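Peer 1: give me a 3D structure for the following:
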Amino acid sequence: MKRLLINLSLLALGAIATVAPFAASAGAQTVVSGTGNPAVDVPAVQAAVDQGGEVILEGHFSFNKPPTVPTAKAFVSGLGGLATVRVSRAVVISGTQDGERTTIEGGTTPFYVEAPGASVTIQGLRFIRPRGAAIFVYAVSGLVIASCKIEGLEPLSGGGGGIDIVTSDGVPTPTHPGHPENISGRLLIANNDIDAAGGTALDNVLGITIFSVGQSPDREVDIHVSGNDIKNVTEPAINLRRVGGRARVEGNVITTGPVSSQKAPVPEAIRAVNIGSYVIAHNVIHSQWPDPDAIGIAVFSQFAAWPMESAVVVGNEVTMLPPDGTVFGTLSAGIDIRGFARDNVVSNNRIQGRARAAVAVDVFRGGIPGNNAFDRNRFDDFEPSHADVFVGAGVTDTLILGQRGTVEDHGINTVILPLRGGQPSGEEMHNALLEIPFRRLR
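Peer 2: I've put the predicted structure just below:
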């Protein structure tokens, strides 16, 4: 059991590292102290990470040098094909909290993770204006990214994100899904503070992006995105597409900022798309985007082969605050279900502010939603341009349970069940469910 101390000034001169005994770890622990000189800091961190085990970074590091690490091509991160430090084996990378938090300044994608079959942890680091992404993950089996602070982003090729976990070259599709088998196991993205300030209306700047991960039945993922504070994004703060397994998005606080991307047809603060088992619960969203189709939480699929099924959206607080005078578009909503989406439940959420609707279900790209439910959501201090609850033309078998406020219904076989004394009577519930061919509520 050894603790490996890397003295960066000696490393710069080609000297060997100092080794001292350490009894608290079953493996090697490497401590790296920052110098603020990228010519020293980057190779020192790379050497420590290559050893695996536990790596502790302390002090102030500069990664402001041209990137040299080849990466998998993935447009979401704006990587440009190169990153700064490559993580290729099992490792725990931690910052220190004594005095100043460990800081990494600049760098094009400071950490790129391609560690097939290995577990990786990155925690307690402060990133200042990384370019492209702070952390990009392409292959891993078990991942923790926790208690990191990301201050500002510099988009590359018009794009960037705080944390990207992506195996597809762009938005995944059934014919080009990427390599979801690359990422498996438990993914915990928790208690990070991401301020993505730096993007313009011409940039796609996101907070946490998870695309095409997990493969059933033997390489599934169990995703937990919780307790993160995300600000000043121009596209989704939390964006999940094609999950082979389960995803829980809970207890995050999102403030979009006033700039939305002109490249995004529909900006959404939280976006859950395509296959997967999703729970979106107890998040707080303040959407300030000027886009007329902005959405707080979106649950949808544009592909019949990858339907969105049985998602639960519960207990969230969504405030829509577009600029005064905004003329809302055809998808604007606090919470929206659309496309190839069935058996989803939106329950006990609170929607405030202004939009086309507080909650809505819409036909989208040929997909007709069916058998979805809105259950006792609250619309205090909300001003719709259409109605509190909006059911689009052709949408089938929607259940609206105990909703106060206005309803605009263009659907087929919509069932509206009001509350009596706070709860529907047994007879009302029984009769409502008999009218619907198949209904699965959670």
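
Peer 1: in the stretch 151-300 of the chain, which spans are helices?
Peer 2: Here the stretch 151-300 of the chain has no helices by DSSP state H, counting those that start in this stretch.

Peer 1: ranges for the strands of it?
Peer 2: Ranges of strands within the stretch 151-300 of the chain are 159-166, 183-190, 193-195, 204-213, 221-226, 229-231, 238-243, 245-250, 253-255, 268-273, 277-281, 284-287, 295-301, based on DSSP state E, counting those that start in this stretch.

Peer 1: by mean pLDDT, point me to the weakest helix or strand of the protein.
Peer 2: One helix or strand of the chain scores below all others by mean pLDDT, DSSP states H and E: strand 18-21, with a mean of 27.

Peer 1: okay, now the sheet partners of whichever strand in the chain runs longest, with direction.
Peer 2: Assignment by DSSP state E gives strand 133-146 as the longest strand of the chain. In the sheet, strand 133-146 lines up against strand 111-114 (parallel), strand 120-123 (parallel), strand 159-166 (parallel), strand 183-190 (parallel) (DSSP bridges).

Peer 1: and it, how far from the chain's centre?
Peer 2: Centroid displacement of strand 133-146 relative to its chain, using Cα atoms, centre = their mean, to the nearest Å, is 12 Å.

Peer 1: what angle sits between that strand and strand 204-213?
Peer 2: 60 degrees (axes from the mean of the first three to the mean of the last three Cα atoms, to 10 degrees).

Peer 1: buried residues in strand 133-146?
Peer 2: Buried residues in strand 133-146, counted by 16 or more other Cβ atoms under 10 Å: 133-146. C-betas here are computed from N, CA, C, even on glycine.

Peer 1: same question, stretch 217-224
Peer 2: Of all the residues in stretch 217-224, those buried under the rule 16+ other Cβ under 10 Å are 219-224.

Peer 1: which residues touch it?
Peer 2: 180-181, 183-190, 210, 213-214, 240, 243-248, 250 (Cβ atoms under 8 Å, 6 or more residues apart in numbering).

Peer 1: what subset of those residues is buried?
Peer 2: 180-181, 183-185, 187-190, 210, 213-214, 240, 243-248, 250.

Peer 1: my guess is Trp306 meets Asn274, correct?
Peer 2: Yes - with contact defined as Cβ atoms under 8 Å, Trp306 reaches Asn274; the gap is 4.0 Å.

Peer 1: so, low pLDDT: which residues of the stretch 51-200 of the chain?
Peer 2: 73-80, 158 (pLDDT under 70).

Peer 1: beta partners for Val345?
Peer 2: Under DSSP bridges, the beta-bridge partners of Val345 are Val312, Ala373.

Peer 1: tally up the residues packed near it, please.
Peer 2: Using other Cβ atoms under 10 Å, Val345 has 21 other residues around it.

Peer 1: show me what contacts it?
Peer 2: Counted by Cβ under 8 Å, 6+ apart, Val345 has contacts 310-314, 372-373, 375, 441-442.

Peer 1: for ChimeraX, write a command that selects the buried ones of the residues you listed.
Peer 2: The following ChimeraX line selects those of the contacts of Val345 that are buried, judged by 16+ other Cβ under 10 Å:
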select :310,311,312,313,314,372,373,375
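
Peer 1: nearest to Thr84 among the contacts of Val345?
Peer 2: Closest approach between the contacts of Val345 and Thr84, by Cβ to Cβ: Ala311, at 36.5 Å.

Peer 1: contact partners for the closest one?
Peer 2: For Ala311, the contacting residues are 272, 277-280, 299, 341, 344-345, by Cβ under 8 Å, 6+ apart.

Peer 1: how about CSV for the strands of the stretch 151-300 of the chain, with distance to Ile368 added?
Peer 2: Output for the strands of the stretch 151-300 of the chain, formatted as CSV (distance: least, Cβ to Cβ, whole Å):
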stretch, distance to Ile368
strand 159-166, 30
strand 183-190, 32
strand 193-195, 36
strand 204-213, 25
strand 221-226, 28
strand 229-231, 32
strand 238-243, 21
strand 245-250, 24
strand 253-255, 29
strand 268-273, 17
strand 277-281, 20
strand 284-287, 27
strand 295-301, 12
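
Peer 1: least reliable of those by average pLDDT, please.
Peer 2: Of all the strands of the stretch 151-300 of the chain, mean pLDDT reaches its minimum on strand 159-166 (a mean of 90).

Peer 1: off-centre distance for that strand?
Peer 2: Worked out by Cα atoms, centre = their mean, strand 159-166 lies 9 Å from the chain centre.

Peer 1: could you do stretch 112-129 as well?
Peer 2: 16 Å.

Peer 1: okay, now it: how far is its last residue from its first?
Peer 2: End-to-end span of stretch 112-129 (Cα to Cα, to the nearest Å): 16 Å.

Peer 1: please point out which parts of that stretch sit buried.
Peer 2: Buried residues in stretch 112-129 (16+ other Cβ under 10 Å): 112-115, 118-129.

Peer 1: helix, strand, or coil at Ala39?
Peer 2: Under the three-state scheme (DSSP: H, G, I helix; E, B strand; the rest coil), Ala39 adopts helix.

Peer 1: that one: neighbour count?
Peer 2: Neighbour tally, Ala39, other Cβ under 10 Å: 11.

Peer 1: follow-up on the earlier one: overlap in contacts, Trp306 and Asn274.
Peer 2: By Cβ under 8 Å, 6+ apart, Trp306 and Asn274 have these common neighbours: Arg242.
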